[in-house]
Every structure is written in C-alpha cells, then in structure tokens.
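Engineer: pasting the structure only:
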C-alpha cells in the first residue's frame, strides 16, 4: 500500500494508507527523506511527527515506512561525540555540509570506517546470554568499551574472529540460539530509544554520587542511581551547577543533554567541555563525556526525542558496568516541545496547556534511572539530574510540581542568592534529599561517625536564623539576646564559609567529604564554645572582635583538602581564643 502526505501542520504530518502501519515505527517523509515517527494510526490515516524542518513539504509527496521503531546505533565511538536530539553526529555533519545542516542527512551515530583494536572475550563452545560481554576495545584512553550480546539474544558461540582491528560492522563472532537460528555479532547494535534496556535486578541505593559541592554532599546528597531536580528561574545558575557536577561528580561516564537550550549557551558548554581536563585521569574530560546538543531553534520533535536518546546512551554504558550521570538541561523545554506537539495533534490540553500525559512521561523518564545488576552480572547505575526552568521562578507550575513527585532530591535554586554571587545558589530552606538516611552509613565510614549529627545541627541553626531574620526586620538585631545573636553569627559563617563555594578557586572548587566534615565540626565547635562563654557573662562582641569567625570563613581557601593537621591547629586556636579572660 502506498502512503502519501495529506496535510502538513508544522512538525506534524498526516498521511494516507495508515491501515498497514504500526505505531511508533519510523517513516521517511517526502523527497528529501526526512526522518519521522508515527504517533497516531486511525483507520486509513496516520500521523507522524517529523524530526526535521518540514518547510516545503507538499501534499501528495510519498512517505515510506521503515518498519522499525526510532532506534540508536550503539557501539564504540560514542564517547567524545557531539550529537543532535536523534543522535546524528553534528561534527561530521558540519564537516560535510558546513555550519547550516541540510535536511535529510541521516548519518548514524557511529563512524563505520574507523577501526578498533578488538580483544575477543569468548571462544567457540561458550554459551552466552543476553547482555554478556563477548569482546572489548579501548574506546578512549579513559574507558574500555565492552561489546555486548543484544539483550534479546542467547545461545552458543560457533565462531569467533581473531584478535585484531575491526570496524563496527565487521563480524566478530557467530551465535546459534536454542531454536537453531544463527546470528552474527558485531561491535554495534540497534536499540529503540523509548524502550528501557533490561536489568537482571534492581539494587538499593547505598553509595552517594560524590560531587565535591558542600551544599550537595553534606546537606542534600544524591545516591548513585538516584534522581534529582534542579529547578530555578533564569539566571539562578542551573547550567553552571550542572557544569560543576559534570566535571567533579565521581561518575565513570557523563551524558550532558542540552535540551532546548539557547544556542549561545550550548556553544559555551561545547567550548568549555572540550577544554576541560578530567581531574580523575588528567585526560580531556571529553574522553568520558557524550554531549547532546538540541538547541531551541532546532525542530521541537527532535527535542521531544532527545531525552530518550540521552537515556538510551546512559543505559548502554550502564550495561557495561559503568556508573553514568545524565544531566538534562532542561526538562521544562522538553515539556514545552511536548505541549506544542500535543496542540498540533489536537489533543485535549490539561493544566497550562500541557498534555494530560505530562506526569506519566516524566515518570517514565525518571524511572529509567537506578542502580542494578546488569544482565552480565556487573553493577552499573544511571543517575539523572534534571534541570527545570519554571517561568518566573514559580515552583507550583506543572513541570516542577510533577517532577517533584518522581525525584528524591530537590535542589531549589534561588535567584537572590545568585544575584548576590552566592554559588551554588541552592537554597537550604527550600531543598531536601530523601537519600540522607540511606547514605548515612557511607558518610559515617568515609567522613566520620558524627557527620550526620553535624549536618542536622547545622541545618537546625540555619532554620533558626531564618526565623530570627523575620524578627530582625521588625526590631533590629541590637535588641536580640546574646544567644540569638550568636545563632545569627554562626549561621552567617555557615553560609559564607561553608555553603558558598568558588568554582574558580583551585582548592575550593572540589571538596571531599572528609574536609566537609572537618569544616562543619570546626564551625559548630566554635558555636558551642562561644555559647558556653556567653553563659559565663562574656559579651559576644568581645569574642567576635578576635576575628575567629572570619578565620573560619576563610578556612575553605586556607586549608588544603588533605590537611587534617591544619584543622587540629584550628581547633586549638578556637580553644585558645574562647578561653581567654575578657
């Protein structure tokens, strides 16, 4: 049956002859062969969303079904790559076509001519199940790529190639399944982006994703395999915070997804990531990073697909046993693309024009995060950190509210903190983490048994400060009792000396949990000592004039990450200053 365009409405194309088509299959649209995906089939008509600009399409042009779902070509060569929302390599397209990409360019994500130094990990007679690693090759200087048996296959190895140099399409091994059917294994495989890759079993979150950012690791930690939302208005520092996380988080692989970002921001991100040195390996950070650039001027359909593209790439490396961090910036612009497509499909709108299935789509996305045992028996994880851009900073709008339902960490960015140059601008009164208790054993072992009590005490002081500041607005701080003045002084030291962090300072840009614990302990030890002296009648001003609070504010710069002796000296200084007779 032939298929032809009957109507064009932006990225939505209606076509005839829908009776033989399958939902979510790909189609080639028009003379240019634009990539599309079937989103509705109704009797003899069907509807496709097109991932490229549809300008110039005419009624009557042919539509060719491809009889497969929207899929990615997975294999070595993805790391260090820059792709669009449907995983076309932008650098290769730019080399072929220049700065303005032509429509209908259907390059795969993999370089099919590059040869890889392959080592076979199986031999004839071995029985392999889905997800097993049958070969490996060094993908970059930092990451070894494991060629995996597609999850749906299993059987006995009947032939293997010799160790050597091969392209992603060269036969590496042959497998005969229990039904007697033969399958050729190569370094590459295809996977539909909207289908989660399977795990043998899910595991509980027990280890944190160490970021080196004090407000995150100490106050609102996220576990490996966890989910976090990073909401904030324009200018609050979402992109800056995600860049810090991408650089310093102890994930093996970083997938950075610029979903609907402005072109200048993505250009800056591409330039910065290309120039960064990985602090873990002293190699370029791009050696373990994948960038997906789907800017706001690109087709909205590709933006809608981009988060599934990023998630599929993350799951693929998770299945090799790696811990992957997926940074999505931002899911709000993905939701806006969903709203535009829903409107063009003439679906019934829900709150603020978003489709009624917004919540379920967000749930499907965040549900694909997690830590688990892979089909090959390794442990891997996908941690998802999704930025949200609520209009006007209104956290009650639908995308933020629905995201909050499906994530366990909420890092609320505050515009006033960002404008006062307090970064990361994560507000301690609006944020929370549901992982603090499950990660407590790890922090107790790695940082100190008193880490969690110190965290609770510090948060309690900050909460008391928030209440006292309301009183100060009415009567001023001079009329407060000395103990309440101390709370304000200690909270100020916590804010400036602990929560505020300088991403451009060699020492302060990354702080391990052990130093974070020492910093908290010093501040709270000073608070306890000064509080004791206040009960003896010593005025607070006499103690603040010694400069000890300023010393603790500067310790983040003055004390190195591994200099525990300096903290011992600092405690001695606190004892000496607070023990004087005033």
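Structural biologist: Everything's here; your move. This structure is a prediction, so every number in the text was calculated from the model and none was measured.

Engineer: please point out which parts of the least confident helix or strand in the chain by mean pLDDT sit buried.
Structural biologist: In the chain, no helix or strand scores lower on mean pLDDT, DSSP states H and E than helix 263-275, which sits at a mean of 74. Neighbour-count burial for helix 263-275, counted by 16 or more other CB atoms under 10 Å, picks out 266, 269, 270, 273. The C-beta positions use only the backbone N, C-alpha and C, and glycine is treated the same way.

Engineer: residue 257 is in contact with the first one, correct?
Structural biologist: Okay, so that is residue 266. No. In this structure, residue 266 is not within contact of residue 257 by CB atoms under 8 Å, at 10.6 Å.

Engineer: where along the stretch 351-500 of the chain do the helices fall?
Structural biologist: 358-367, 398-406, 415-419, 440-446, 451-475, 482-494 (DSSP state H, counting those that start in this stretch).

Engineer: tell me what the longest one is packed against?
Structural biologist: Counting contacts by 3 or more CB pairs under 8 Å, 6 or more residues apart in numbering; DSSP states H and E, the secondary-structure elements packed against helix 451-475 are helix 440-446, helix 482-494, helix 513-535.

Engineer: relative to residue 230, which of the ones you listed is closest?
Structural biologist: Among those, the nearest to residue 230 by CB to CB is helix 513-535 (20.0 Å).

Engineer: the closest one: what's the following helix or strand?
Structural biologist: helix 540-544 (DSSP states H and E).

Engineer: that following helix packs against which elements?
Structural biologist: helix 482-494, helix 513-535.

Engineer: run through the residues that contact the residue nearest the centre of the chain.
Structural biologist: Residue closest to the mean C-alpha point of the chain, counted by CA atoms, centre = their mean, is residue 327 at 2.2 Å. Applying CB atoms under 8 Å, 6 or more residues apart in numbering to residue 327 gives the contacts 242, 245, 246, 254, 255, 256, 257, 385, 387.

Engineer: from the centre of the protein, point out the most distant residue.
Structural biologist: For the chain, the residue at maximal distance from the C-alpha centroid (CA atoms, centre = their mean) is residue 581, at 53.4 Å.

Engineer: all strands for the stretch 101-250 of the chain, in order.
Structural biologist: In the stretch 101-250 of the chain, the segments counted as strands under DSSP state E, counting those that start in this stretch are 116-120, 127-128, 133-138, 144-148, 155-160, 164-166, 173-176, 182-185, 189-192, 201-203, 227-231.

Engineer: buried residues, the first one. List them.
Structural biologist: Judged by neighbour count (16+ other CB under 10 Å), strand 116-120 contains these buried residues: 116, 118, 120.

Engineer: distance-wise, check the second one relative to residue 44.
Structural biologist: Right, the one you point to is residue 118. 49 Å (CB to CB, to the nearest Å).

Engineer: likewise for the first one?
Structural biologist: As defined by CB to CB, residue 116 lies at a distance of 47 Å from residue 44.

Engineer: check the closest residue to residue 303 other than its chain neighbours and give its pLDDT.
Structural biologist: Beyond its immediate neighbours in the sequence, the residue positioned closest to residue 303 (CB to CB, 6 or more residues apart in numbering) is residue 337, lying 4.1 Å away. pLDDT recorded at residue 337 is 93.

Engineer: how about residue 1?
Structural biologist: 62.

Engineer: returning to what we had before: and the helices and strands packed on helix 451-475 as JSON lines, adding mean neighbour count, mean pLDDT and distance to residue 176?
Structural biologist: As requested, the helices and strands packed on helix 451-475 are exported to JSON lines (neighbours: other CB atoms under 10 Å; pLDDT from 0 to 100; distance: least, CB to CB, whole Å):
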{"stretch": "helix 440-446", "mean neighbour count": "15", "mean pLDDT": "93", "distance to residue 176": "45"}
{"stretch": "helix 482-494", "mean neighbour count": "19", "mean pLDDT": "96", "distance to residue 176": "65"}
{"stretch": "helix 513-535", "mean neighbour count": "20", "mean pLDDT": "96", "distance to residue 176": "50"}
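
Engineer: to residue 554, which of those helices lies closest?
Structural biologist: Closest to residue 554 of those is helix 482-494 (CB to CB; 10.4 Å).

Engineer: list the contacts for residue 44?
Structural biologist: 16, 17, 18, 19.

Engineer: cool, and residue 96?
Structural biologist: Contacts of residue 96 (CB under 8 Å, 6+ apart): residue 105.

Engineer: can you list the domain ranges for the chain.
Structural biologist: Following automatic domain parsing, one finds the domains of the chain at 5-69, 111-190, 201-433, 451-578.

Engineer: on that earlier part again, partners of whatever helix or strand the residue nearest to the centre of the chain lives in in the sheet?
Structural biologist: For residue 327, the host element (DSSP H and E) is strand 323-329. Strand 323-329 sits in its sheet next to strand 253-259 (parallel), strand 379-388 (parallel), going by DSSP bridges.

Engineer: any chance of those strands in JSON lines, with distance to residue 519 too?
Structural biologist: Formatted as JSON lines, those follow (distance: least, CB to CB, whole Å):
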{"stretch": "strand 253-259", "distance to residue 519": "27"}
{"stretch": "strand 379-388", "distance to residue 519": "24"}
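
Engineer: mean pLDDT lowest where, among these?
Structural biologist: Within the strands paired with strand 323-329, confidence is poorest for strand 253-259, with a mean of 92 (mean pLDDT).

Engineer: with distance to residue 65 and neighbour count added, can I get the contacts of residue 327 in a markdown table?
Structural biologist: Output for the contacts of residue 327, formatted as a markdown table (distance: CB to CB, whole Å; neighbours: other CB atoms under 10 Å):
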| residue | distance to residue 65 | neighbour count |
| --- | --- | --- |
| 242 | 39 | 24 |
| 245 | 41 | 26 |
| 246 | 39 | 24 |
| 254 | 36 | 23 |
| 255 | 30 | 28 |
| 256 | 34 | 24 |
| 257 | 29 | 31 |
| 385 | 37 | 26 |
| 387 | 36 | 27 |
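
Engineer: which of these sit farthest apart?
Structural biologist: Those two in those that are separated most widely, counting by CB to CB, are 254 and 387, at 14.6 Å.

Engineer: what sits up against stretch 509-523?
Structural biologist: Under CB under 8 Å, 6+ apart, the answer for stretch 509-523 is 210, 212-214, 217-218, 244, 248, 279, 443, 446-448, 450-451, 454-455, 458, 490, 493-494, 497-498, 501-503, 552, 555-556, 559, 561-562, 564, 567, 570-571, 574.

Engineer: just stretch 155-171 next, same as before
Structural biologist: 75-77, 110-120, 122-128, 134, 172-178, 182-188.

Engineer: cool, and stretch 462-470?
Structural biologist: The contact list for stretch 462-470, computed with CB under 8 Å, 6+ apart, reads 428, 429, 480, 484, 487, 488, 491, 492, 494, 495.

Engineer: rerun at 10 Å
Structural biologist: Here stretch 462-470 makes contact (CB atoms under 10 Å, 6 or more residues apart in numbering) with 219, 428-429, 472, 477, 480, 484-485, 487-492, 494-495, 498-499.

Engineer: for it, buried residues please.
Structural biologist: Neighbour-count burial for stretch 462-470, counted by 16+ other CB under 10 Å, picks out 462, 465, 468.

Engineer: swap in stretch 134-144?
Structural biologist: 134, 135, 136, 137, 139, 140, 142, 143.

Engineer: now render the residues you listed as a markdown table, adding pLDDT and distance to residue 93.
Structural biologist: Conversion of the buried residues of stretch 134-144 to a markdown table gives the following (pLDDT from 0 to 100; distance: CB to CB, whole Å):
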| residue | pLDDT | distance to residue 93 |
| --- | --- | --- |
| 134 | 97 | 32 |
| 135 | 97 | 29 |
| 136 | 97 | 29 |
| 137 | 97 | 25 |
| 139 | 96 | 21 |
| 140 | 93 | 22 |
| 142 | 89 | 26 |
| 143 | 95 | 24 |
